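A.B. asks: Sequence first, predicted coordinates after that:
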Amino acid sequence: MSLYDIFSIAGSGMSAQSVRLNTVASNLANANDVAGSEKEAYRARQPIFKAVLLNARQGAGGGTASAAYGVEVTGIQQSAAPVRKEYRPGNPLADKQGYVYTSNVNSVEQLANMISASRSYQSDVNLVSTTQRLLLNTLQLANK
């Protein structure tokens, strides 16, 4: 792996964390949504990450070994947690029995997820910044 590969690896991490932050924002925006049926209720979403592998070297047995080379988002998964059913007969969205269905978004969990994604994104930014500084210092040494 070359030093320049760090930029693409960190970039893939920043892109993945950006998707994660957008998903959290969508979940928080819909946390108090109400629907008239369980099927229509908003369900929390979570991105699915996958390590991007690169065949790095030949193994001792003739096979190739793989090394992590970044991350990609393979999809967005809906939560399987049940939605909440609340008795609100005066609500215009209530079903025939007087129930409405609220989202299964856990706001505290989403806020913790947002902090984690934000810190991961910032770590990738710091990695890019440090690598850039090291490359510039190396070039300056070569010119002296």
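C.D. replies: Nice, I can see it.

A.B. asks: quick one: pLDDT of residue 134?
C.D. replies: For residue 134, the pLDDT comes out at 89.

A.B. asks: Please enumerate the helices of this structure.
C.D. replies: 5-29, 107-142 (DSSP state H).

A.B. asks: so what's the residue nearest to the spatial centre of the chain closest to, chain neighbours aside?
C.D. replies: Centrality entry for the chain: nearest residue to the mean C-alpha point is residue 20, 2.6 Å, by Cα atoms, centre = their mean. In space, and not counting its chain neighbours, residue 20 is closest to residue 117: 4.2 Å by Cβ to Cβ, 6 or more residues apart in numbering. Where C-beta positions appear, they are placed from N, C-alpha and C, glycine not excepted.

A.B. asks: follow-up on the earlier one: let me see the contact set for the residue nearest to the centre of the chain.
C.D. replies: Contacts for residue 20 were tallied using Cβ atoms under 8 Å, 6 or more residues apart in numbering; they are 47, 113, 117, 120.

A.B. asks: so the second one makes contact with residue 25?
C.D. replies: No - contact criterion Cβ atoms under 8 Å: residue 113 and residue 25 do not qualify, at 10.6 Å.

A.B. asks: Compare these two and say which one has the larger neighbour count.
C.D. replies: Using other Cβ atoms under 10 Å as the criterion, residue 113 and residue 25 rank with residue 113 on top: 19 against 12.

A.B. asks: From residue 105, how far out is the residue nearest to the more buried one when sequence neighbours are not counted?
C.D. replies: Nearest residue to residue 113, sequence neighbours excluded (Cβ to Cβ, 6+ apart): residue 24, at 5.3 Å. Distance, residue 24 to residue 105, using Cβ to Cβ, to the nearest Å: 10 Å.

A.B. asks: related to what we said a few turns ago, tell me which of the helices of the chain sits most buried.
C.D. replies: Greatest average neighbour count among those goes to helix 5-29 (a mean of 18), per mean count of other Cβ atoms under 10 Å.
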